[in-house]
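> generate a structure from the sequence data that follows.
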Amino acid sequence: MQSHTSEYICVLLKKVCNEFDIECSKWRSLTTDNANNMKAASNLFLGSGKHISCFAHTIHLVVDDVVKGISSFSHVLDKVKKIVTHFKHSPAAMDMLRKLQADEGTAEGHIKTLVQSVDTRWNSCLDMLISFLSISNKVAIVLINRSTTVKGLPEMLTASELLICQDFCDLLMPFKDATEKISGESYVTVSMVIPLILLLMDKIRKIQLESAEGILTKEALLKEADKRFKFLQNNKILVKSSLLDPRFKKVYLSPLTALEALKDIAYEMSKNKNIEEDLVRPANDNVPQEACSKNEGFLEAHMRSIATLEPLEVTENQEIKLFLSLPFTSWDSDPISKEHIPNAIKAGIGLPYYTR
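Purely as a prediction, here's the structure:
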């Protein structure tokens, strides 16, 4: 079997292009996982500066690396897995769990159950913890009632371990939300990467935790996320995609980053249209500093960010100036619809920065 070297992967990419009669020059970027051989293959295939690391995979690496390094979490997770496994293999225990909920007036279609995790997926473990915490008091009652007749029952979590579970759920839920938002297939996602990074980091910083293990995990997540996300935040393709999205524009970019991106966009438009454009000067805009509240979702945090943004003062070419002066569009709007982006910008730089 051929080794998956960067050279071999590059050969395969060119072979696919030839097979489907695709000109390599039409490729504007290549998105892959974070493996070094894939990054090197992209550089060989398209040249430097055109590779984008998959944001969802980067999130997975951040969470997976941190979770595996927290021994106390592994201990609590193992206890929850044993409890869930017991209920999944015991119809009698599951029936008791359903009956306790039904006796409280819960309708049949709303009775909760326990979710089994998949060991290789952290978000699956999160789903298991959330399902367990939602009915943990009833799980405890079932285990106590069955302890008189059944031997070898799994041990219920202590009060402190339940706090650890809740802290981990609070910390990991924003990562799951970001993964789901960036994994859409029917809407533009490339321009959402940088906004989601800032909203996610703000969300994590704001979370108040009850356990020492939770505080330790929070610090580790922020450190690992900062290390891995900074490469995405500095990716020129992602920066320009966010800047040209009428939902975000400069909101999530630093002044210097926005300035450099505007210069690049103006140059591309000038080059494509064979016209001269004035140089861009820095705008008086700010990166949102206020953090999200614990119960605030990404959409609410985004709306608060654009509501507090100072008016933009720009002297770019007229097409860019017009675009930046228009009101922000809603999060769920289509950023490539005709009414949101002046046709001159579309004609000047095409649509490579609005890919899904």
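
> so where's the stretch 151-300 of the chain uncertain?
Within the stretch 151-300 of the chain, the ranges that satisfy pLDDT under 70 run 272-295.

> in it, which spans are helices?
Using DSSP state H, counting those that start in this stretch, the helices of the stretch 151-300 of the chain run over residues 159-182, 193-206, 212-233, 236-243, 255-273, 298-307.

> got a markdown table for these, with distance to Thr32 and mean neighbour count too?
C-beta here means a position set from N, CA and C on the backbone, and glycine is covered the same way. Shown next, in a markdown table, are the helices of the stretch 151-300 of the chain (distance: least, C-beta to C-beta, whole Å; neighbours: other C-beta atoms under 10 Å):
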| stretch | distance to Thr32 | mean neighbour count |
| --- | --- | --- |
| helix 159-182 | 15 | 19 |
| helix 193-206 | 14 | 22 |
| helix 212-233 | 13 | 17 |
| helix 236-243 | 13 | 23 |
| helix 255-273 | 23 | 17 |
| helix 298-307 | 25 | 17 |
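
> tell me the centre residue of the chain?
Against the mean C-alpha coordinate of the chain, by C-alpha atoms, centre = their mean, the closest residue is Ala178 at 3.0 Å.

> correct me, but that residue touches Leu200?
Yes - Ala178 lies in contact with Leu200 (C-beta atoms under 8 Å); the separation is 4.9 Å.

> where do the contact lists of these two overlap?
Shared contacts of Ala178 and Leu200, defined by C-beta atoms under 8 Å, 6 or more residues apart in numbering, comprise Phe298.

> to Leu44, which of the helices of the stretch 151-300 of the chain lies closest?
helix 236-243 (18.0 Å; C-beta to C-beta).

> could you say what helices and strands that closest one packs with?
Helix 236-243 sits against helix 193-206, helix 255-273, with contacts defined as 3 or more C-beta pairs under 8 Å, 6 or more residues apart in numbering; DSSP states H and E.

> and the longest one with helix 193-206, angle?
An angle of 170 degrees separates the directions of helix 255-273 and helix 193-206 when computed by axes from the mean of the first three to the mean of the last three C-alpha atoms, to 10 degrees.

> and the angle for the helix or strand harbouring Ile59 with helix 236-243?
For Ile59, the host element (DSSP states H and E) is helix 55-69. Here helix 55-69 points in a direction 110 degrees away from that of helix 236-243 (the same axes, to 10 degrees).

> pLDDT of the helix or strand following helix 55-69, averaged?
Counting by DSSP H and E, the next helix or strand C-terminal to helix 55-69 is helix 71-88. Mean pLDDT, helix 71-88: 91.

> which residues touch helix 71-88?
Counting by C-beta under 8 Å, 6+ apart, residues outside helix 71-88 touching it are 67-68, 93-94, 97, 114-117, 125, 128-129, 132, 139, 142-143, 153-157, 161, 164-165, 168, 213, 217.

> buried only: go through those for me.
Buried by 16 or more other C-beta atoms under 10 Å: 67, 93-94, 97, 114-115, 117, 125, 128-129, 132, 139, 142-143, 153-154, 156-157, 161, 164-165, 168, 213, 217, out of the contacts of helix 71-88.

> so which of those residues belong to strands?
Within those, no residue falls in strands by DSSP state E.

> so Lys14 makes contact with Glu23?
No - with contact defined as C-beta under 8 Å, Lys14 does not reach Glu23; the gap is 11.2 Å.

> tell me which of those two has more neighbours.
More crowded of Lys14 and Glu23, by other C-beta atoms under 10 Å: Lys14, with 14 against 7.

> tell me the secondary structure for that one?
Secondary structure assignment for Lys14 (DSSP: H, G, I helix; E, B strand; the rest coil): helix.

> what does Thr31 give?
What three-state DSSP gives for Thr31 is strand.

> need the contact list for it.
Taking C-beta under 8 Å, 6+ apart as the criterion, Thr31 is in contact with His51, Ile52, Ser53, Cys54.
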